[in-house]
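Student: Mind folding the following:
(chains A and B)
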Amino acid sequence: MVSKIFSSAITGIEPHSVEIEVDQKKGLPAVVIVGLPDTSVKESKDRVKSAMENSGFRFPVKRITVNMAPADIKKEGPSFDLPVALGILTASDQLSPASIHNTIILGELALDGRVRSVKGILPIAIATKQKNKRLMISKENALEAAIVEGLNILPVESLTDAVAILRNEKDCLPISIDSKVLFNDYSTYSVDFSDVKGQYHVKRALEVSAAGGHNLLMIGPPGSGKTMLAKRLPTILPPLTIDESLQTTKVYSVMGLISQSTPIIATRPFRSPHHSISDAGLIGGGTHPRPGEVSLSHNGVLFLDELPEFKRNVLEVLRQPLEDRSVTISRATGSLTYPAGFMLVAAMNPCPCGFNTDPSRNCRCTPNQIQKYMTKVSGPLLDRIDIHVEVPSVKYKELTSSSESEPSSSVRERVISARKIQETRFRNNQIHTNSQMGTRQVRSYCKLDDEGSLLLKSAMNELGISARAYDRILKVSRTIADLDESSDIKVEHLTEAIGYRTLDRQLWI
Amino acid sequence: MTFKRKLLGISGEKAAVQYLKKKSYKILENNFRCPLGELDIICRAKGLIIFVEVKTRKTSNFGSPLEAVNDRKQHQIAKAALSYIKAKALYKYSFRFDVISITGSPDKQPEILHIENAFPIDKYMF
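Tutor: Just a heads-up that it's a prediction; the model follows:
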């Protein structure tokens, strides 16, 4: 008899259903798995056999053919152990076929019959809910799937457990959690803006960049607090909506980073990869493509510390995700798209030794060395960073002052209201923030008065600001005006925006 | 191999021959030996030449006898079969590989399982 089990596989972060057909025929005992399985799927037959025998079931001495449809999609990973085992049990009449219909089954089997957790449960859970089916998964995975409201989950601990539940011999406790409560429980940050003493103009720059979604570059000597400031940027961004949170959690789910202690990503992610990262590690890839750091920082902040130390080719691959807010990875086996809507925050020293702009220390770099250091990041990548800000070292007096700085919550309120203005402005466009404006939108939304145009003109001539910086300045000044709740861009907004183009002014190169 | 195990195999093969005769297969050869391997029974039915491997076990505590006909054994049977085909110049015939498993004592009505066309040999490139 042929049995049919429903399961699911993940390509990229999208689930697609897989039908597992099991047939047993008279013949030399063997298990043949067809339907483009990879090695880890082929290995499952030995796990399934041991698990079934150790759980007290009969493994048929027959020729067993397992077909995984559709046959043109590569099947990876151990998540098909449980469906194959249940398929064999159904095919050999140890389980009635009526009990398994309408159920999507996933799980890795241990040799003693226990069911282990698998990666990528959340996207599958969402799809299962849409199809109105039941989902049978391991107990450890159940909490992750329970985020999807109204989903009928059958959590199982072992193969014996699974069969008992399917035969209705055992009740399974319905798992349901209030995703809103869970979301609120996990949506607090452990850091706050008020932790940072001094650095008022950098905080202001971070506020502007958060309000308009502008990418940011911080330049300063070592120990000036660049990393500390960047870490606190997520706390002033608007809180994640449940939808955004689900999108980000999906990526973490596929990477297997969701655990009992973090069942949902409810805060904006902050990713800070080391500068030795490879291009595949940053944007994703590999033989079996996995999401990279840009996707893990989806809806959050990607922080690149020591920007010039990153390999050139690694920085170059960032350009496409910065534009498209998604990453497409093309390989011979197919192409995948991962989300990558992140804010880029980079930090660097002004020169190799780090003390070029520090008034209290002497720089011991030659102009040639500084030139070489700066060219590592120049060009198209710098073009996509709207705000450059200098971070001076903190003075002793500021560091020890007992005056409380402004907390994240009040900065966040201003950011949220600026974002609201942008949402109304761009309601008919496909974009959400000022940073995403194209040339045409800049022309129509960033009009300057006479005084402003005159100022920008003289700034371009006097300060040596490049043409490509022109649009950047307009966009940033638009954001500053939004923060000020002003419908026109005034001179003070423009001057502040010009101040955020440190690198264009070529102060020390 | 102990004498006891040898006897078990021989009596199993005898039981298999009886079984095949009852099913009106014509026995051509018993225990064909060549340097490449051995074929337990060679017989003819329905215009086919059939090579039969007989496997006997007293109990299935250590797995079914069928499971013992693994890749290595199949390869050996295939090689021996080709050498038989060449020796007898049977180029016009079609062939089939069967396995008969006998579980239990061959003298006391054992369980006989006959797998027709048990394996193909196309995966063995000679």
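
Student: so where do the strands sit in chain B?
Tutor: Counting by DSSP state E, chain B has strands at residues B:26-34, B:37-45, B:48-57, B:94-103, B:111-115.

Student: and the first one, what's its mean pLDDT?
Tutor: Just to be clear, that refers to strand B:26-34. Here strand B:26-34 scores 92 as its mean pLDDT.

Student: in the stretch 201-350 of chain A, which spans are helices?
Tutor: Using DSSP state H, counting those that start in this stretch, the helices found in the stretch 201-350 of chain A span residues A:226-231, A:233-236, A:242-254, A:279-283, A:293-296, A:312-316, A:319-324.

Student: Mind putting those into CSV with distance to chain B, mean neighbour count and mean pLDDT?
Tutor: C-betas here are computed from N, CA, C, even on glycine. Output for those, formatted as CSV (distance: least, CB to the nearest CB, whole Å; neighbours: other CB atoms under 10 Å in any protein chain shown; pLDDT from 0 to 100):
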stretch, distance to chain B, mean neighbour count, mean pLDDT
helix A:226-231, 58, 21, 92
helix A:233-236, 57, 24, 94
helix A:242-254, 37, 22, 92
helix A:279-283, 36, 19, 91
helix A:293-296, 42, 26, 95
helix A:312-316, 44, 15, 89
helix A:319-324, 45, 16, 87
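
Student: Now distance to B:Phe95 too, for the ones you listed, in JSON lines please.
Tutor: Converted to JSON lines, these look like this (distance: least, CB to CB, whole Å):
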{"stretch": "helix A:226-231", "distance to B:Phe95": "74"}
{"stretch": "helix A:233-236", "distance to B:Phe95": "72"}
{"stretch": "helix A:242-254", "distance to B:Phe95": "51"}
{"stretch": "helix A:279-283", "distance to B:Phe95": "52"}
{"stretch": "helix A:293-296", "distance to B:Phe95": "56"}
{"stretch": "helix A:312-316", "distance to B:Phe95": "59"}
{"stretch": "helix A:319-324", "distance to B:Phe95": "59"}
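
Student: what's the burial count for the residue in chain B that chain A sits nearest to?
Tutor: Taking CB to the nearest CB, chain A has its nearest neighbour within chain B at B:Ser64, 4.4 Å off. Residues lying near B:Ser64 (other CB atoms under 10 Å in any protein chain shown) number 17.

Student: Pull the contacting residues for it.
Tutor: The neighbours of B:Ser64, taking CB atoms under 8 Å, 6 or more residues apart in numbering or on different chains as the test, are A:29, A:61, B:57, B:101, B:103.

Student: returning to what we had before: switch the strands of chain B over to CSV, and while doing so, append distance to chain A to every line.
Tutor: Formatted as CSV, the entries for the strands of chain B read as follows, by distance: least, CB to the nearest CB, whole Å:
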stretch, distance to chain A
strand B:26-34, 21
strand B:37-45, 15
strand B:48-57, 10
strand B:94-103, 6
strand B:111-115, 6
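
Student: Let me see the ranges of the strands in the stretch 301-450 of chain A.
Tutor: Counting by DSSP state E, counting those that start in this stretch, the segments of the stretch 301-450 of chain A that form strands are A:301-304, A:326-331, A:334-339, A:343-348, A:387-390.

Student: wait, which of the ones you listed is closest to A:Ser50?
Tutor: Of all those, strand A:334-339 sits nearest to A:Ser50, with 33.2 Å by CB to CB.

Student: Counting residues, name the longest helix you see in chain B.
Tutor: Once chain B is assigned using DSSP state H, the helix that runs over the most residues is helix B:3-22.

Student: so what secondary structure elements neighbour that one?
Tutor: Contacting helix B:3-22 under the criterion 3 or more CB pairs under 8 Å, 6 or more residues apart in numbering or on different chains; DSSP states H and E are the following elements: strand B:26-34, strand B:37-45, strand B:48-57, strand B:94-103, strand B:111-115.

Student: Arrange those in TSV, one row each, with mean neighbour count as further columns.
Tutor: Output for the helices and strands packed on helix B:3-22, formatted as TSV (neighbours: other CB atoms under 10 Å in any protein chain shown):
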stretch	mean neighbour count
strand B:26-34	14
strand B:37-45	18
strand B:48-57	22
strand B:94-103	21
strand B:111-115	16
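
Student: Would you format the ones you listed as a markdown table with distance to B:Leu20 included?
Tutor: Formatted as a markdown table, the entries for these read as follows, by distance: least, CB to CB, whole Å:
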| stretch | distance to B:Leu20 |
| --- | --- |
| strand B:26-34 | 7 |
| strand B:37-45 | 6 |
| strand B:48-57 | 7 |
| strand B:94-103 | 8 |
| strand B:111-115 | 8 |
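
Student: and the gap between the single nearest residue of the stretch 1-150 of chain A relative to chain B and A:Leu95?
Tutor: Scanning the stretch 1-150 of chain A for proximity to chain B using CB to the nearest CB identifies A:Val61 as nearest, at 4.4 Å. For A:Val61, the distance to A:Leu95 under the criterion CB to CB, to the nearest Å works out to 18 Å.

Student: Smallest gap between the stretch 251-400 of chain A and chain B, at which residue?
Tutor: The shortest separation between the stretch 251-400 of chain A and chain B is 25.5 Å, found at A:Thr333 (distances taken as CB to the nearest CB).

Student: So what's the residue count around that residue?
Tutor: Taking other CB under 10 Å as the neighbour definition, A:Thr333 ends up with a count of 11.

Student: isn't it right next to A:Lys74, touching?
Tutor: Yes - A:Thr333 sits in contact with A:Lys74 when judged by CB atoms under 8 Å, with a separation of 6.5 Å.

Student: could I get the strands of the stretch 301-450 of chain A as JSON lines with distance to B:Tyr19 and mean pLDDT?
Tutor: Below are the strands of the stretch 301-450 of chain A laid out as JSON lines (distance: least, CB to CB, whole Å; pLDDT from 0 to 100):
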{"stretch": "strand A:301-304", "distance to B:Tyr19": "73", "mean pLDDT": "96"}
{"stretch": "strand A:326-331", "distance to B:Tyr19": "55", "mean pLDDT": "88"}
{"stretch": "strand A:334-339", "distance to B:Tyr19": "53", "mean pLDDT": "88"}
{"stretch": "strand A:343-348", "distance to B:Tyr19": "77", "mean pLDDT": "94"}
{"stretch": "strand A:387-390", "distance to B:Tyr19": "88", "mean pLDDT": "91"}
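
Student: Format those as JSON lines; extra columns: distance to A:Thr400 and mean neighbour count.
Tutor: Formatted as JSON lines, the entries for these read as follows, by distance: least, CB to CB, whole Å; neighbours: other CB atoms under 10 Å in any protein chain shown:
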{"stretch": "strand A:301-304", "distance to A:Thr400": "27", "mean neighbour count": "26"}
{"stretch": "strand A:326-331", "distance to A:Thr400": "45", "mean neighbour count": "16"}
{"stretch": "strand A:334-339", "distance to A:Thr400": "44", "mean neighbour count": "18"}
{"stretch": "strand A:343-348", "distance to A:Thr400": "24", "mean neighbour count": "25"}
{"stretch": "strand A:387-390", "distance to A:Thr400": "23", "mean neighbour count": "23"}
